[in-house]
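Enquirer: Here is my input; please provide its structure:
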Amino acid sequence: MYHSRKNGFIFHCYSWYINYILKKDFSAFTHNQLVIKEDEAVLLLANRFSWWDGFMLFQLNKKVFKKEFHALVTTDDYKQLNYLKYFGCFAPESKGKDVLETLLYAGSLLDDPKNLVLIFPQGKIKSSYVDSIAFEKGVMQLVNASKKKFQTVFSVILTDYFNNRKPKAKAYLTTWQAEEYISLQLLKSEYNKHYDAAVLKQTQKAS
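Expert: The predicted structure follows:
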């Protein structure tokens with residue numbers, strides 16, 4: 001498993017830089033308000049639509065969630081974007097057993113209230129306006145590896161230019177109260193309800 005390699009100095013430098021490039025390249029990056037429990041970790045499920053995803057959600061963590069940031073990324077992303085490890089990103093080193101160990105590690109992070117674990121259920125980058133968000137089965141292995149005493153947050157980030165030279169980005173956030181029994185199909189269904197609602201709100205802005 002490829003672990004995160006947090007470094008205080010590098011972390012703060014990149015934190016400043018992320019804030020800078022978001023303001024420079026976007027006319028706005030907004031989000032709705034959300035109440036987060038301090039005594040529970042956060043499992044953040046988000047759509048994967050661009051190179052910007054992790055940076056935007058890292059920024060949201062500073063403003064909204066205020067937790068210790070961790071993100072499960074693909075092996076390719078971890079290798080190609082080697083700075084990700086300084087933000088709390090981790091990844092499986094190989095397929096098979098190492099993937100399972102990585103998911104177990106991610107689940108254990110959710111047992112600590114100070115943590116946030118970001119997961120992109122669909123894995124690979126897709127358009128932000130696909131019909132639905134796919135969920136890989138590893139999501140449930142992660143959930144079942146925890147004590148299931150965390151809060152689940154759905155995030156959908158959508159971008160549009162509208163009348164601006166630079167795009168606007170909006171994060172649609174909602175908390176989801178898990179039932180006693182969680183299945184992959186249920187989690188996927190509930191997330192996609194939120195995704196559909198976010199797309200509808202976004203398209204209504206343009207009308």
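
Enquirer: Report the mean confidence score over the longest helix seen in the chain.
Expert: Across the chain, the longest stretch assigned as helix under DSSP state H is helix 184-206. Averaged across helix 184-206, the pLDDT comes to 92.

Enquirer: what comes up buried for that helix?
Expert: Within helix 184-206, the residues that count as buried by 16 or more other CB atoms under 10 Å are Leu184, Leu187, Lys188, Glu190, Tyr191, Asn192, His194, Tyr195, Ala198, Val199, Gln202. Just so you know, the C-beta spots here come from the backbone N, C-alpha and C atoms, and that holds for glycine as well.

Enquirer: what packs against it?
Expert: Counting contacts by 3 or more CB pairs under 8 Å, 6 or more residues apart in numbering; DSSP states H and E, helix 184-206 packs against helix 138-144, strand 150-160, strand 168-176.

Enquirer: Save those as a markdown table, and put in distance to Lys79 too.
Expert: Output for the helices and strands packed on helix 184-206, formatted as a markdown table (distance: least, CB to CB, whole Å):
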| stretch | distance to Lys79 |
| --- | --- |
| helix 138-144 | 19 |
| strand 150-160 | 24 |
| strand 168-176 | 27 |
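
Enquirer: most neighbours per residue, which of the ones you listed?
Expert: Greatest average neighbour count among the helices and strands packed on helix 184-206 goes to strand 150-160 (a mean of 21), per mean count of other CB atoms under 10 Å.

Enquirer: Give me the sheet partners of that one and which way each runs.
Expert: strand 41-46 (parallel), strand 168-176 (antiparallel) (DSSP bridges).

Enquirer: okay, the angle between the very next helix or strand once past the shortest one and strand 150-160?
Expert: Where DSSP states H and E defines the elements, the next helix or strand beyond strand 41-46 is helix 53-60. Relative orientation of helix 53-60 versus strand 150-160 (axes from the mean of the first three to the mean of the last three CA atoms, to 10 degrees): 120 degrees.

Enquirer: Which of the helices and strands packed on helix 184-206 sits closest to Ile125?
Expert: Comparing those against Ile125 with CB to CB, the closest turns out to be strand 150-160 (12.4 Å).

Enquirer: Could I get the average pLDDT for the closest one?
Expert: On average, strand 150-160 scores 96.

Enquirer: the inter-axis angle of that strand versus helix 184-206?
Expert: Going by the same axes, to 10 degrees, strand 150-160 makes 40 degrees with helix 184-206.

Enquirer: Quick check: the nearest residue to Ile21 once chain neighbours are set aside vs Tyr83, distance?
Expert: Computed as CB to CB, 6 or more residues apart in numbering, the closest residue to Ile21 that is not its neighbour in sequence is Phe55, at 7.5 Å. Between Phe55 and Tyr83 the distance is 11 Å, computed by CB to CB, to the nearest Å.
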